[in-house]
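Student: output the structure for:
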Amino acid sequence: MQVIKKENYKVPVLSWCPEIEDNAMKQIDNLAQLPFVFKRVVILPDAHMGFGMPIGAVIATQGVVIPHAVGSDVACGVCAVKTSLTEINTDTLKKIMGEIRKVVPVGFGRHKEKQNEHLMPMEMEDGWLEGVPIVKREYYNALYQLGTLGSGNHFISIERGDDNHIWIMIHSGSRNLGYQVAKHYNELAIKLNEKYFSQVPKEHELAFLPLDSEEGKSYLKEMQYCVDYALANRKLMMDRIQDIIVKYFRSSCSSASSHTDKDEVKSSTTSSSLSSIKFEPMINIAHNYASLENHFSKNVMVHRKGATQARKGQLGIIPGSQGTKSYIVEGLGNDESFQSCSHGAGRTMGRKQAQRELNLADEIKRLDDKGIIHSIRGVKDLEEAPSAYKNVEEVMANQTDLVNVLVELSPLCVIKG
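Tutor: Predicted coordinates for the structure are as follows:
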């Protein structure tokens, strides 16, 4: 960890990122000069430029919340489930992936029918939608997007752990609902900051809302709904993927049980044991949110943008790319980072840059050689090629004081948004 101090900084910058790109550094300079920033700016090893604040950064503020320090995909996160399976072959993976694509819309897709409203996060008091205008406006559309993956770097993957078990992992967020909440309140913050002659320059893209204002209170309420919705979204996808796996192996078992020769009886026995698949409780960890927490004896608003909480003993997930390892981790509760760690590997190239500069054949071969069933088909898909990301093993090596690795996961197949 490196400490960066400059004369115009209000607080120091603590960086776990050995190389910070110039554009991200300019944003870090802006963060360190905010009048309400508390104690330090934290830069994690996956850091790269975002809107206003780098992705892979954490700040705590006093008295305000900053929509761009949360991000536009509010409560995007990762969930993972360990299965009792210890083996799964390529043909089976392909069939399961085909079934997943039938029930989980990807990209900008959504369900043709609205999903069960009881799966949505629900508030108990009457008239609760009146206090959340964007959620109220988007609620009906959100019913059609519940249980959908989204686009960009969102993914569904089946992984093999070094614990000899097969894992399911999903990366997705609050879909259009979160985007609309983020957009509305950032625009509102800009107008209010201009009206009241904010000290924070507009070009820094860090417009804020006072926590005691009606606008600030509404943002926090709507943001929390997005956090709950994103979790419900991931959980519904995970439940449906588990159903597919159980049904597939039950079908395989029934088919095998009808055979009679010795080899086929052996196959039947194996399938029978697979038909009773067990799933451990889902691990879920969100990034892109703000929460009121106590650090250094102060109640402060902690903004984690492309960063996850890593309290002592807390389980987390740090995914790599579709060609590299991912990690189930345990937080160490390091106060220096506001008890946070990276949310992934972090990009080294922008999406358009990756499409221009990476070689399609080379990227496909790199994944094929590893036996990974991947999602790179054309030039557009290069934005999610492994070479567009940092070396996740180096990222992990740079945060050994933030998390302990419990399980290393290697991708077997990946569906991208």
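
Student: from here on, contacts and neighbour counts on C-alpha atoms
Tutor: Will do.

Student: just the pLDDT at residue 205, thanks.
Tutor: Listed pLDDT for residue 205 reads 95.

Student: in space, what's closest to it - neighbours in sequence excluded?
Tutor: Excluding its sequence neighbours, the residue lying closest to residue 205 (C-alpha to C-alpha, 6 or more residues apart in numbering) is residue 52, at 4.5 Å.

Student: separation between residue 372 and residue 228?
Tutor: Per C-alpha to C-alpha, to the nearest Å, residue 372 is found 32 Å from residue 228.

Student: compare the two (neighbour count), which wins?
Tutor: residue 372 (20 against 16; other C-alpha atoms under 10 Å).

Student: and for that one, nearest residue in space, chain neighbours not counted?
Tutor: residue 412 (5.0 Å).

Student: by contact count, what packs against the strand or helix carrying the one you found?
Tutor: Element membership of residue 412 [criterion: DSSP states H and E] is strand 403-416. Applying 3 or more C-alpha pairs under 8 Å, 6 or more residues apart in numbering; DSSP states H and E, we find strand 403-416 packed against strand 155-161, strand 326-331.

Student: nearest to residue 349, of the ones you listed?
Tutor: strand 155-161 (18.6 Å; C-alpha to C-alpha).

Student: following that closest one, which helix or strand comes up?
Tutor: strand 166-172.

Student: which residues does the helix or strand just after that following strand contact?
Tutor: Proceeding N to C from strand 166-172, the next assigned helix or strand is helix 175-195, under DSSP H and E. Applying C-alpha atoms under 8 Å, 6 or more residues apart in numbering, the external contacts of helix 175-195 come out as 66-68, 71-75, 134-135, 138-139, 142, 145, 150, 202, 207-209, 215, 219, 222-223, 226, 230.

Student: 7 Å instead, please
Tutor: The contact list for helix 175-195 (C-alpha atoms under 7 Å, 6 or more residues apart in numbering) reads 67-68, 71-74, 134-135, 138, 142, 150, 207-209, 219, 222, 226.

Student: tell me how far the residue nearest to residue 372 lies from residue 322.
Tutor: On the measure of C-alpha to C-alpha, residue 412 and residue 322 end up 9 Å apart.

Student: more neighbours: which of those two?
Tutor: residue 322 (28 against 22).

Student: residues contacting residue 41?
Tutor: So residue 41 contacts 12, 13, 14, 32, 58, 59 (C-alpha under 7 Å, 6+ apart).

Student: make JSON lines out of the residues you listed and add neighbour count.
Tutor: Converted to JSON lines, those look like this (neighbours: other C-alpha atoms under 10 Å):
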{"residue": "12", "neighbour count": "19"}
{"residue": "13", "neighbour count": "22"}
{"residue": "14", "neighbour count": "18"}
{"residue": "32", "neighbour count": "25"}
{"residue": "58", "neighbour count": "31"}
{"residue": "59", "neighbour count": "26"}
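
Student: among those, which one sits closest to residue 240?
Tutor: residue 58 (33.5 Å).

Student: following the chain past the helix or strand where that closest one lies, name the next helix or strand.
Tutor: Per DSSP H and E: residue 58 is located in strand 55-61. For strand 55-61, the succeeding helix or strand toward the C-terminus, using DSSP H and E, is strand 64-65.
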